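1. Following is a predicted model, sequence given first.
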Amino acid sequence: MKQINAIVAIGTVLALSSFSIIDKLTPVTLNNPIEKHIKAVPYKVDAGQSKLTWLAKKVTGEHSGTIAVSSGLLNVENNVLKGGSFDLDTKSIAVTDITDKESNAKLLGHLKSEDFFAVDKFDKAKFVITSASIKGAGLYQIKGNLTIKGITNEVTFPASVKIDKTRLTANAKIVVDRTKYGIKFRSKSFFENLGDKTIADEFELNIQLAATK
């Protein structure tokens, strides 16, 4: 009986010693995990260094111009783009391919009207990233929600992104179907017999973003 008690006592001491050793080797608690979550770092879009150009085509030619990027934030984790958004000032829309002042003003006024972007009612367009998938070195497939005239649709496009310690630059081309945003003026999808007055349903937004943290 004494031998059994001695064995039990020795076993208890060894067990307690083992727990003591493990505790010393692994000082981990719920409040101090070994791996800490890396928080997203916001890069603020520099409106002055960012640029957006647009290109719209019609049967008889095409027109191009600019829209100002007004603000935005891009989220980066471990040097990888994870999300973000940027805003466009629709009232800043400009036509750059027409040099005649009267013709330029006529087209610009039409673009700002209800037929197109209705800038007095909707002075801002917005893009919000919902996913950013890496496709190669500095190459991403971006998916997100584009809002124009208060209407939101999902768009997907490739983008090139360069990130360093303090600066982010991104370049992308978004092809937009204007009819999905209620812009149906001279669209062959909604009107017949337009002939050479037809305007293409799709237009391009070429974006160059610069951001700093």
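-> Structure's in. What do you need? These numbers were taken from a predicted model, which means no experiment stands behind them. Residues are numbered from 1 along each chain as shown.

2. give the contact list for the spatially most central residue of the chain.
-> Ranked by distance to the mean C-alpha position of the chain (CA atoms, centre = their mean), the top residue is residue 129 at 3.6 Å. By CB atoms under 8 Å, 6 or more residues apart in numbering, the residues touching residue 129 are 74, 81, 83, 84, 85, 142, 143, 144. The C-beta positions use only the backbone N, C-alpha and C, and glycine is treated the same way.

3. Looking at these, which are in strands?
-> Judged by DSSP state E, strands contain the following of those: 74, 81, 83, 84, 85, 142, 143, 144.

4. Of those residues, which is the nearest to residue 134?
-> Checking these against residue 134 with CB to CB, the nearest one is residue 81 at 8.5 Å.

5. nearest residue to that closest one other than its sequence neighbours?
-> The shortest distance from residue 81 to any non-neighbouring residue, by CB to CB, 6 or more residues apart in numbering, is to residue 132 (4.8 Å).

6. contacting residues for the one you found?
-> Going by CB under 8 Å, 6+ apart, residue 132 touches 80, 81, 82, 83, 140, 141, 142, 143.

7. and what of residue 169?
-> Residue 169 sits in contact with 161, 162, 208, 209, 210, 211, where contact means CB under 8 Å, 6+ apart.

8. now, which of the contacts of residue 132 sits nearest residue 98?
-> Of all these, residue 142 has the smallest distance to residue 98: 31.5 Å, by CB to CB.

9. is the nearest residue to that closest one once chain neighbours are set aside in a bridge, and if so with what?
-> Counting by CB to CB, 6+ apart, residue 142 lies nearest to residue 159, which is 4.9 Å off, once chain neighbours are set aside. Listed by DSSP bridges, the beta-bridge partners for residue 159 are residue 140, residue 172.
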